[in-house]
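Chemist: Quick one: sequence and predicted model below, then my questions.
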Amino acid sequence: MVDTGATAHPTGPRPDGGTADVLTLAVDCGGGGIKAAVLDSAGTAHATPVRVPTPYPLPPRLLLDTVADIADRLPAAHRVTLGMPGMIRHGVVVHTPHYVTRSGPRSRVLPELVEAWSSFDVRGALARRLGMPAMVLNDAEVHGAGVVAGSGVELVLTLGTGLGSALFDGGRVAPHLEWSHAPVRRGATYDQYIGEPERRRLGDGLWSRRVVATVDGLRPVFHWDRLYLGGGNSRRITPTALDRLGDDVVVVPNSAALVGGARAWDLPLA
């Protein structure tokens, strides 16, 4: 299983010594909203998920406050999984793109927030705040945990505010790469090429053609066994574009972002 920094066994007895199913508070932190649910080990939600707009400006303490407030509105859980955008290593923020801005994605970056988030131990702070074992991963990695088969090389791309990515080999999470920041055309990054602002500008038809071009361009780079397309905008890919993607590409529901919160604890050690 992945490193969580916790001593509790995720699939056996509960951390409190009980014998009932372990419940996970799964939190999906996006650029526009923060959504959470409490799920059992099968990925079944035990209450209606709660979603709130992502508050800005968003220093680490406000994110913790927001998650704690959501947790108070949901059934009690034994552990928490949080997925957030950016480069997260061992629960520590290396870089996050949205939460360092004044008012959200593509707004002005605030130097004081860059400093506040840099090397911030989200996992440790979250575990202390909620009083339970915590796991913090990139949001695409959590999304992938909800859909990967655990066999072969599996790539997950999430289409939303920007482009998220996660790579799995035999179910193990590979070191995270921020593909969203790589240039794809005329100096534009993947984030700018197929992110939400471009979908709105182009419309679903032309935007879907860009998704196909992105998949075709990445295929010889990864030689995946299976590619999963998730995120809120995956449902906007047109039928014509879907027919062009190939049999090795699967569109998955955005609900995987929460289901993956429970399943991530069963991933093999990286």
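Modeler: Structure's in. What do you need?
Chemist: So which residue is dead centre in the chain?
Modeler: Asp139 (1.3 Å; CA atoms, centre = their mean).
Chemist: can you pull the contacts of His176?
Modeler: 87-89, 138, 141, 166 (CB atoms under 8 Å, 6 or more residues apart in numbering). (Glycine included, C-beta is placed from N, CA and C.)
Chemist: Quick one: the strands in the stretch 51-200 of the chain, in order.
Modeler: According to DSSP state E, counting those that start in this stretch, the stretch 51-200 of the chain carries its strands in the segments 79-84, 87-89, 92-95, 134-138, 153-159, 163-169, 172-173, 183-185, 188-189.
Chemist: Any idea which of these gets closest to Gly205?
Modeler: Closest to Gly205 of those is strand 153-159 (CB to CB; 15.0 Å).
Chemist: need the strands of the stretch 51-200 of the chain in CSV with mean neighbour count, can you?
Modeler: Formatted as CSV, those follow (neighbours: other CB atoms under 10 Å):
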stretch, mean neighbour count
strand 79-84, 26
strand 87-89, 17
strand 92-95, 17
strand 134-138, 27
strand 153-159, 25
strand 163-169, 24
strand 172-173, 18
strand 183-185, 15
strand 188-189, 16
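Chemist: Of all these, which one is nearest Val38?
Modeler: That would be, of the strands of the stretch 51-200 of the chain and by CB to CB, strand 79-84, which comes in at 9.6 Å.
Chemist: Got the phi and psi for the closest residue to Arg244 other than its chain neighbours?
Modeler: Nearest non-adjacent residue to Arg244, counting by CB to CB, 6 or more residues apart in numbering: Val212, 5.1 Å away. Val212 has phi and psi values of phi -60, psi -40 when expressed as degrees, to the nearest 10.
Chemist: neighbours around Val212, how many?
Modeler: Number of residues near Val212 (other CB atoms under 10 Å) recorded here: 19.
Chemist: quick one: contacts for it?
Modeler: Here Val212 is in contact with 241, 244-245 (CB under 8 Å, 6+ apart).
Chemist: try Ala37
Modeler: Ala37 makes contact with 25-26, 45-50, 74, 258, 261 under the criterion CB under 8 Å, 6+ apart.
Chemist: One more: His143?
Modeler: With CB under 8 Å, 6+ apart, His143 has these contacts: 28, 83, 156, 158, 164, 166, 230-231, 256-257, 260.
Chemist: Looking at these, which one is closest to Leu218?
Modeler: Among the contacts of His143, Val156 lies closest to Leu218 (CB to CB), at 11.9 Å.
Chemist: Just give the closest residue to that closest one, not the sequence neighbours.
Modeler: Gly144 (3.7 Å).
Chemist: And for Tyr99?
Modeler: Closest residue to Tyr99 apart from its sequence neighbours, by CB to CB, 6+ apart: Leu58 at 4.5 Å.
Chemist: Can you list the residue ranges for helices in this structure?
Modeler: Ranges of helices in the chain, per DSSP state H, are 60-72, 111-117, 122-130, 139-145, 190-194, 196-202, 204-222, 239-245, 256-263.
Chemist: would you turn the contacts of Ala37 into TSV with pLDDT, neighbour count and distance to Tyr193?
Modeler: Converted to TSV, the contacts of Ala37 look like this (pLDDT from 0 to 100; neighbours: other CB atoms under 10 Å; distance: CB to CB, whole Å):
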residue	pLDDT	neighbour count	distance to Tyr193
Leu25	98	27	34
Ala26	98	32	29
Ala45	95	17	34
His46	95	15	39
Ala47	95	12	38
Thr48	96	9	35
Pro49	96	16	30
Val50	98	17	32
Leu74	98	20	36
Leu258	94	26	27
Gly261	97	31	29
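Chemist: So of the residues you listed, which two are at opposite extremes in space?
Modeler: It's Thr48 and Gly261 that sit farthest apart of these, by CB to CB, at 15.6 Å.
Chemist: can you list the weak-confidence ranges in this protein?
Modeler: Scanning the chain for pLDDT under 70 picks out the ranges 1-20, 269-270.
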